[in-house]
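**Q** The following comprises the amino acid sequence and a computationally predicted model.
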Amino acid sequence: MFLSNYVFYYIFMNNRPSFRKLSGYAFDPSLSLQADTAEINSIVYKIPWEDLCLSDKEKLKLEEDSSYVHQDTGPVGEYVEVIDFDPTVDQLYAPVDLNHPYTLAQDGLVPSESNPQFHQQMVYAVSMVTIMNFEKALGRKIIWAPRRVADKRIYQEYVHRLRIYPHAMREANAYYSPQKKSLLFGYFSSTPADITLQMPGSLVFTCLSHDIIAHETTHAILDGMHRYYNTPTNPDVLAFHEAFADIVALFQHFTFAEVLKKQIAETHGDLGAQNLLGKLAQQFGTAIGSYGSLRDAIGDTDPQTGQWTPKKPDASEYRNIIEPHARGGILVAAVFEAFINIYKSRAADLLRIASNGTGILPQGELHPDLVNRLAGEASKAASHVLCMCIRALDYCPPVDITFGDYLRAIITADIDMIAEDSRDYRLFFIDAFRKRGIYPKNIKTLSVESLRYTVEPFVSQQTKDLFAIIGDFLRNYRSAIMYQTDRKKIYDISCQYMGGSPDSQTNLHKRISLKFDDSSEFEKLTGLVFCINWPELGIRTSNAYGNFHGGVTGPSFQIQNLRVVSRVGPNGNQINQIIFSMTQRAGVIVEKGVFKGYFVPDDSKEAPPDGFEFYGGCTLIFDLDTLKLKYAISRPLLEVNGLPKCRELDITRIENQGNYIHGESMNGNEYSQYFGMGLYNQLNEPFAFLHKH
């Protein structure tokens with residue numbers, strides 16, 4: 001007797017699987033057409049199970065507002081919704097039903113270049129794997145960047161899902177749109193330099209490349225964590241966005257067990273040699289006329305001979321290369337070298353055993369057991385490196401990031417998680433950055449102790465009392481959010497506590513405005529302006545809550561990304577923290593590289609000639625158990641060494657930023673119109689510009 005649909009649904013929901021398995025490409029379709037890589041290019045992605053349908057509330061809203069979500073969509077989950085509309089041919093493709101019994105029985109649709117439904121499956125699977133890796137490393141839910149709204153009372157609104165368009169345009173491009181909160185993937189006809197690698201005129205779909213999907217998803221996640229990393233205030237900012245997205249895509253390759261084993265066998269255990277794992281967007285790079293991949297993390301191919309050679313660190317590159325992708329490649333290469341050295345360290349004992357103590361493996365194929373063991377060590381090392389790189393994002397300044405800042409963030413975050421570095425992971429990172437001339441500013445030595453952020457002890461009882469008040473606030477926030485798992489509720493509660501409510505009991509912005517008024521010690525800690533003469537330093541006046549608190553005003557600043565973090569390290573140790581960022585902007589004038597003065601920005605007026613807004617910010621990290629301040633990671637507006645005697649902005653940084661924004665370099669002039677630089681330029685599509693080929 002057949003079970004009724006109701007009974008079947010009841011049994012299924014009460015025995016729901018933990019994971020959904022979906023077939024896809026490990027790299028991109030081109031490798032499935034090559035005899036030596038076809039067997040490893042088809043893999044099965046394993047992602048957390050979720051119900052892929054609209055809720056009753058969303059269905060009701062759909063009836064009221066058809067623009068809320070498309071009726072005919074691909075997978076619609078908690079984090080993303082796939083909308084497969086191709087505007088170039090005015091075609092809305094039928095959505096894939098990943099809950100169909102036949103689809104479930106074969107781990108999703110079979111990989112296919114010509115099936116739009118598989119394209120939907122591919123972007124959904126890879127984006128969810130990327131999100132899963134971030135949540136594992138960060139110890140919290142991923143929340144997308146909010147959408148700006150015209151209503152000043154609201155200012156911004158929650159974005160539930162990232163929209164993904166597999167066939168958004170017919171061009172060699174794919175990008176994350178901060179305005180649309182969407183991933184847009186293009187497709188195009190190939191024009192390969194080598195017709196033996198790609199058929200001329202064949203269609204290439206960027207939505208079928210694991211690397212491109214992971215790269216763009218990472219851009220979206222990073223935008224939700226650090227919104228000002230879209231603002232190029234120095235040459236490292238855009239390069240960091242590109243490099244970090246490449247790092248995530250690169251190290252996700254090492255989760256593919258069969259691919260990893262094959263590459264270890266082919267390279268005789270040497271992952272620093274030429275191999276697929278170090279290449280990004282292979283088909284895309286070939287199809288647009290490049291040799292090899294779009295970007296290669298570990299080596300270059302000679303366009304004349306086609307011979308691949310490993311890259312050698314060159315410290316002059318960091319001083320001279322400005323273009324974001326090329327500059328970002330320096331950071332990718334540094335992280336990859338650190339990983340290679342970590343892997344070699346982990347595998348050294350296995351190689352000694354297999355080579356009778358020489359460390360040099362004999363000629364011929366490696367034993368399958370040795371391949372499996374080496375693959376296990378490589379996978380563990382890659383997983384640790386990826387987690388280190390992602391965790392470090394919480395330890396970065398909220399604006400104007402540099403590669404040196406990122407090194408300090410990696411070291412500090414890793415010390416917090418793992419006290420004893422028995423395998424010298426941190427040393428390998430420091431060494432790789434040093435070889436490329438990447439040094440953080442304001443440190444005395446290039447050692448782990450110097451690179452780790454510290455908080456100077458406060459001697460003033462007044463400052464201790466003020467932070468005790470903040471501690472009480474954080475304790476209330478912890479209680480309100482500790483057991484919340486709904487992302488919308490987490491967002492709403494965090495906004496309320498950051499400053500979305502006039503209630504001073506749940507308003508961190510208001511508390512800081514009142515309690516740290518004209519506090520030179522708090523200014524020195526954060527590098528932001530709280531003195532009574534803030535307009536003289538080009539700081540806007542904030543009166544957002546004046547109507548509720550007797551017209552009290554103060555210097556304008558923003559509270560961002562209030563979040564609770566709970567992470568468990570490999571040794572079982574757990575850290576619990578509360579983190580939030582403060583940002584501030586000042587109107588400054590720089591003429592031909594020389595600082596000329598301040599002006600208070602006014603959205604209703606044009607900026608003076610050579611005027612722009614100068615960015616500063618600070619990330620504050622509190623221990624959740626003791627509620628004591630642990631780190632204050634600042635990119636200061638103020639020249640803090642002069643406090644409290646002389647309060648002035650950091651003139652050196654102002655002049656450097658002015659040169660970068662208004663200088664003769666391509667970044668200074670061409671990029672600014674796409675990234676909203678200056679006061680009144682509207683943010684266009686920065687990543688569309690960066691990724692265009």
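**A** That came through fine. Just so it is clear, the structure is predicted and the values come from calculations on it, not from any experiment.
**Q** And Ser355, how far from Thr541?
**A** When distance is defined by CB to CB, to the nearest Å, Ser355 is 71 Å away from Thr541. Just so you know, the C-beta spots here come from the backbone N, C-alpha and C atoms, and that holds for glycine as well.
**Q** nope, Ala38 is what I meant
**A** Between Ala38 and Thr541 the computed distance is 65 Å (CB to CB).
**Q** cool, and Tyr187?
**A** Remark: distance between Tyr187 and Thr541 (CB to CB) = 50 Å.
**Q** More neighbours: which of those two?
**A** Between Tyr187 and Thr541, counted using other CB atoms under 10 Å, Tyr187 has the larger neighbour count: 22 against 12.
**Q** who's in contact with the residue nearest to that one when sequence neighbours are not counted?
**A** With sequence-adjacent residues excluded and distances taken as CB to CB, 6 or more residues apart in numbering, Tyr187 is closest to Phe205, at 4.5 Å. By CB atoms under 8 Å, 6 or more residues apart in numbering, Phe205 lies in contact with Pro29, Glu113, His119, Pro166, His167, Phe185, Tyr187.
**Q** roughly how far is the strand or helix carrying Gly329 from the heart of the chain?
**A** Using DSSP states H and E, Gly329 sits within helix 324-354. Offset of helix 324-354 from its chain centre (CA atoms, centre = their mean, to the nearest Å): 21 Å.
**Q** Which strands and helices lie in contact with it?
**A** Other helices and strands packing on helix 324-354, by 3 or more CB pairs under 8 Å, 6 or more residues apart in numbering; DSSP states H and E, are helix 235-252, strand 295-296, helix 315-320, helix 368-391, helix 403-417, helix 425-435.
**Q** can you tell me the average pLDDT over the fifth one?
**A** Taken as a whole, helix 403-417 has an average pLDDT of 95.
**Q** Would you mind getting the angle between it and helix 324-354?
**A** Angular relation of helix 403-417 and helix 324-354 on a 0 to 180 degree scale: 40 degrees, by axes from the mean of the first three to the mean of the last three CA atoms, to 10 degrees.
**Q** what angle sits between helix 403-417 and helix 368-391?
**A** Computed with the same axes, to 10 degrees, the direction of helix 403-417 lies at 110 degrees from that of helix 368-391.
**Q** Quick one: work out the angle between helix 403-417 and helix 425-435.
**A** Using the same axes, to 10 degrees: helix 403-417 against helix 425-435 is 170 degrees.
**Q** helix/strand/coil for Asn561?
**A** At Asn561 the chain is in strand, as set by DSSP: H, G, I helix; E, B strand; the rest coil.
**Q** Pull the number of nearby residues for it.
**A** Asn561: 18 surrounding residues under other CB under 10 Å.
**Q** From Asp492, how far out is the nearest residue to it once chain neighbours are set aside?
**A** In this structure, Asn561 finds its nearest non-sequential neighbour in Ser581, 5.2 Å apart by CB to CB, 6+ apart. Computed as CB to CB, the Ser581 to Asp492 distance reads 19 Å.
**Q** now do Pro570
**A** Relative to Asp492, Pro570 is positioned 34 Å away (CB to CB).
**Q** So the two - more neighbours on which side?
**A** Set Pro570 next to Asp492 and count neighbours by other CB under 10 Å: Asp492 wins out with 15 against 11.
**Q** what sits against the more buried one?
**A** Here Asp492 is in contact with Tyr158 (CB under 8 Å, 6+ apart).
**Q** cool, and Ser112?
**A** Counting by CB under 8 Å, 6+ apart, Ser112 touches Phe118.
**Q** Using the three-state scheme, assign it.
**A** coil.
**Q** Tell me the predicted confidence for it.
**A** At Ser112, the model reports a pLDDT of 92.
**Q** Centroid-nearest residue for this structure?
**A** By CA atoms, centre = their mean, the chain has its centre lying nearest to Leu222, at 3.1 Å.
**Q** Now do the contacts for it.
**A** Counting by CB under 8 Å, 6+ apart, Leu222 makes contact with Tyr229, His241, Phe244, Ala245, Leu393.
**Q** Would you format those as CSV with neighbour count included?
**A** Shown next, in CSV, are the contacts of Leu222 (neighbours: other CB atoms under 10 Å):
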residue, neighbour count
Tyr229, 22
His241, 25
Phe244, 26
Ala245, 27
Leu393, 22
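**Q** Specify the residue ranges that define each domain of the chain.
**A** Domain segmentation of the chain under automatic domain parsing yields 19-233, 255-451, 461-658.
**Q** out of those domains, which comes closest to Phe687?
**A** In terms of CB to CB, the element of the domains of the chain nearest to Phe687 is domain 19-233, at 4.0 Å.
**Q** Start and end of that closest one, how far apart?
**A** From the first residue to the last, domain 19-233 extends over 42 Å; the measure is CA to CA, to the nearest Å.
**Q** Can you give the distance from that domain to the centre of its chain?
**A** The answer for domain 19-233 is 16 Å, by CA atoms, centre = their mean.
**Q** Turn the domains of the chain into TSV, columns for distance to Ala249.
**A** Formatted as TSV, the domains of the chain follow (distance: least, CB to CB, whole Å):
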stretch	distance to Ala249
domain 19-233	4
domain 255-451	6
domain 461-658	23
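**Q** can you pick the most crowded of the contacts of Phe205?
**A** Using other CB under 10 Å as the neighbour test, the contacts of Phe205 are led by Pro166, with 31 neighbours.
**Q** Kindly confirm my reading that it is in a strand.
**A** Yes - assessed with three-state DSSP, Pro166 lies in a strand.
**Q** ok, it to Lys21 distance?
**A** Pro166 sits 20 Å away from Lys21 when distances are taken as CB to CB.
**Q** now do Ala172
**A** Distance, Ala172 to Lys21, using CB to CB: 32 Å.
**Q** Neighbour count: these two, which is higher?
**A** Neighbours per residue (other CB under 10 Å) separate Ala172 from Lys21, with Ala172 holding more: 20 against 15.
**Q** ok, back up a step: which pLDDT value goes with the residue nearest to the centre of the chain?
**A** pLDDT at Leu222 comes out at 96.
**Q** Just the element for it, please.
**A** Leu222 belongs to helix 210-225, assigned by DSSP H and E.
**Q** related to what we said a few turns ago, could you report the neighbour count for the residue nearest to Asn561?
**A** Residue crowding around Ser581 was assessed by other CB under 10 Å; the count is 26.
**Q** and it, that one's in a strand?
**A** Yes - counting by three-state DSSP, Ser581 is found in a strand.
**Q** Can you name the residues that contact it?
**A** Pro398, Ile559, Gln560, Asn561, Gly617, Cys618, Thr619, Leu620.
**Q** Surely Met128 touches Leu98?
**A** No - applying CB atoms under 8 Å as the test, Met128 and Leu98 come out as separate, 11.3 Å apart.
**Q** So if I had to pick from the two, which one is more boxed in?
**A** Ranked by neighbour count (other CB under 10 Å), Met128 and Leu98 place Met128 first, with 23 against 20.
**Q** which secondary structure element contains the more buried one?
**A** Per DSSP H and E: helix 116-138 holds Met128.
**Q** if we can go back for a sec, for beta bridges, what are the partners of the residue nearest to Asn561?
**A** Following DSSP bridges, Ser581 is listed with bridge partners Gln560, Thr619.
**Q** can you check the one 5 residues further on too?
**A** In this structure, Ala586 has beta-bridge partners Ile539, Phe614, where bridges are defined by DSSP bridges.
**Q** want to throw the helices and strands packed on helix 324-354 into JSON lines with distance to Tyr343?
**A** Below are those laid out as JSON lines (distance: least, CB to CB, whole Å):
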{"stretch": "helix 235-252", "distance to Tyr343": "12"}
{"stretch": "strand 295-296", "distance to Tyr343": "18"}
{"stretch": "helix 315-320", "distance to Tyr343": "24"}
{"stretch": "helix 368-391", "distance to Tyr343": "5"}
{"stretch": "helix 403-417", "distance to Tyr343": "17"}
{"stretch": "helix 425-435", "distance to Tyr343": "10"}
